[in-house]
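Peer 1: Whatever this is, show me its structure:
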Amino acid sequence: MTRFFFTFLITVSVLLSISGCSDRSYNPELEHISSIVKSYPDSALSLIRSFDAEKLTSRKDKAYYAMVYTRAKHNCNCLTYGDSLMKVAEHWYMRHGTSNEKAMLLYCIGNSLTVKDSFPLASEYYSKAEIYAMESGDNYTIAAINCALGYSFRFQMDYDEAIEHFSKATSILENIGEKQQALIPKYQKAALLGQLEEYGQVIEMCREAAATAAEVNDTAMILRFNSLMAIATASYSPSPEAADEAIRRMKDTWKRYNNDSIPVSQYNVLGLLYYYQGNMQEARRLMLKALDHLPPMATRLGCYYTLSMIAENEGKYREALKYERHVTALQDTLFRETKDSMVQVAEKKYRNEHIQESYKMLALKHKYQMFMFFAAAVVLITLTVSVVIFYRKRLKDSRRKIDEAISYIDTVSSGYAELQNRYKVLQEDNQNLNETSSKMLSMLSTRMESIQQLLELASLYESRPAVFYSKFKDLIKVSQFNNTELEQEIISTTNLSYHNILDDLKAMHPDLSLHELCYCGLICLGFSQQSIRVLYDHTNINSIYSLRARIRAKLGISNSNKNLDTYFKELIREKYQ
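Peer 2: Residues are numbered from 1 along each chain as shown. Model (predicted):
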């Protein structure tokens, strides 16, 4: 039965482990394309487009094809939300993919949502991607996701969350030695702090980051951080002197790193500095030049606002009104786009709510069925194991009791033979015994009666050792609450045998109890620990060890390596010297 049970248990474990594993190998050609997606995205996209997807037969390979195609399009900045391949990859990998694959897929989907300005939904996908990336331990992916979360929260105007995620991305990249990559989220954080008018922090961050950019020879980031530091310096204390210093610093940077030419992306920054300097003509020229290059909407908003301020300072109120209308129109556009994005997300979420709820119910039902199956299997295995363990324990206890009973019988028999021999010797010398010997003979006679009773019990219950063992213990057990007569006899026998050894011991250690003195006497008389345990009716051998420990403590030998048997042998030897 035991062999069958363990065979059954091993078989179930193997089947469960096999069902939880899956082959992670994919189509070799697709794996090659995947290996170059990060380094050569254009080549990877070209190869995946020429790949014949019709020859793929397994759902796993089809999903992998969709994943590789999605990553290639993402790395080439041509990913659009709603791509059917993206949906195929999401459906399969969210059930069967590894944590790293899930993180990468959700990150790509989040980026596609930002293209549609669906920042709230993108943040949701990024947050899920971060959880899986943390499970896989891919710090580079965690940093990229936090950087993306920072962008998303920035466009949702949740600046505290954006700063927190930019900081987290920077810290992770710096810890893994990616100093150059860490400059990207650091710049976004500095720009956001500048938008919040925390100019002191911006200046400090830009100074440190510009030095790092110079160290890794990143010219683009050097120009960006120096530009941001210049505008922050001028804004921190808006004065012509501060603007002059900022302009001089920026020109030195361009001369050193950009062949003494102004980058197109910094026309508006230099124009703002000229505005702070009071050079309205140069400021207007640079702002208009910046607008000619069609900058992002936020940059255009800043240019029009600065132009309206320049026109107002020059008394050209009609021109100032024209630029203020541009500012208002752009602000309305930004607000409307944000509002439309939120409405689109809400509508899409409402349309898909019924489908999602149905899917969740089906998934929950499937999980419940699987849980019930495994729970039933676990309960069955647990009950089987419990029954086998209980049966084996009972069998072991029964065998142990029988062995103990046989051992006790052998011990009693050998003790009886020894006492019988001593009794014969005492009978032969009975004429010459003194008063002390007569007393000892009397006690031995009493013990002979006890032994006779034991032997009668042994012959009577020879076929039932458990009953004999119970009767045997009732007859000879020594207790500290009753049968003190037996304890006195053992102490007297020991004193008579070894020149009052226990009386002397009691005089030296008065805290020894009658029960403990009786135990010492049994040791002197040569009784084994097993025999004494029977006499004291201790079912647990640890209780005998506790009694021995107390005696050792009272005798003052707790800290020595000497045991009680050795101690009394030496004491008896001293008595006979």
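
Peer 1: remind me, longest helix of this protein?
Peer 2: helix 317-428 (DSSP state H).

Peer 1: Run the chain-centre distance for that helix.
Peer 2: 15 Å (C-alpha atoms, centre = their mean, to the nearest Å).

Peer 1: So for it, mean pLDDT?
Peer 2: The average pLDDT within helix 317-428 is 76.

Peer 1: same for it, what does it pack against?
Peer 2: helix 2-19, helix 119-136, helix 297-313, helix 435-460, helix 465-476, helix 529-535 (3 or more C-beta pairs under 8 Å, 6 or more residues apart in numbering; DSSP states H and E). For glycine as for every other residue, the C-beta is placed from the backbone atoms N, C-alpha and C.

Peer 1: packing partners for the helix or strand that the last one is followed by?
Peer 2: Meaning helix 529-535. Of the helices and strands lying after helix 529-535 in sequence (DSSP states H and E), the nearest is helix 541-555. Helices and strands touching helix 541-555, by 3+ C-beta pairs under 8 Å, 6+ apart, are helix 514-524, helix 529-535, helix 564-576.

Peer 1: quick one: the residue nearest the centre of the chain from residue 207, how far?
Peer 2: Taking C-alpha atoms, centre = their mean, the centroid of the chain lies closest to residue 135, which sits 10.3 Å from it. As judged by C-beta to C-beta, to the nearest Å, residue 135 and residue 207 stand 38 Å apart.

Peer 1: One more: residue 252?
Peer 2: 14 Å.

Peer 1: Kindly reformat the helices and strands packed on helix 541-555 as TSV and extend each row with distance to residue 73 and mean pLDDT.
Peer 2: What follows is those, written out as TSV (distance: least, C-beta to C-beta, whole Å; pLDDT from 0 to 100):
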stretch	distance to residue 73	mean pLDDT
helix 514-524	88	88
helix 529-535	82	76
helix 564-576	85	85
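
Peer 1: Burial-wise, tell me which of the ones you listed comes out on top.
Peer 2: Across those, the average number of neighbours (mean count of other C-beta atoms under 10 Å) peaks for helix 514-524, which reaches a mean of 21.

Peer 1: where's the residue nearest to residue 258 when sequence neighbours are not counted, which helix or strand?
Peer 2: The shortest distance from residue 258 to any residue other than its chain neighbours is 6.3 Å, reached at residue 223 (C-beta to C-beta, 6 or more residues apart in numbering). Assigned by DSSP H and E, residue 223 falls within helix 219-236.

Peer 1: circling back to that earlier point, since we're on the residue nearest to residue 258, how many residues are nearby?
Peer 2: Look at residue 223: counted by other C-beta atoms under 10 Å, it has 21 neighbours.

Peer 1: Give me the pLDDT for it.
Peer 2: With respect to pLDDT, residue 223 has a value of 81.

Peer 1: give me every residue that touches it.
Peer 2: 253, 254, 257, 258, 263, 266 (C-beta atoms under 8 Å, 6 or more residues apart in numbering).

Peer 1: Filter these down to just the buried residues.
Peer 2: For the contacts of residue 223, a burial check counting by 16 or more other C-beta atoms under 10 Å picks out 253, 254, 257, 263, 266.

Peer 1: Can you give me every residue that contacts residue 59?
Peer 2: Applying C-beta under 8 Å, 6+ apart to residue 59 gives the contacts residue 92.

Peer 1: how far away is the residue lying closest to residue 89 once chain neighbours are set aside from residue 108?
Peer 2: Spatially, and ignoring its direct neighbours in sequence, residue 89 is nearest to residue 66 (3.8 Å; C-beta to C-beta, 6+ apart). Remark: distance between residue 66 and residue 108 (C-beta to C-beta) = 11 Å.

Peer 1: list residues touching both of the two?
Peer 2: With C-beta under 8 Å, 6+ apart as the test, residue 66 and residue 108 both reach residue 86.

Peer 1: Show me what counts as buried in whichever strand or helix holds residue 505.
Peer 2: Element membership for residue 505, per DSSP H and E: helix 501-508. Using 16+ other C-beta under 10 Å as the test for burial, helix 501-508 gives 501, 502, 505, 506.
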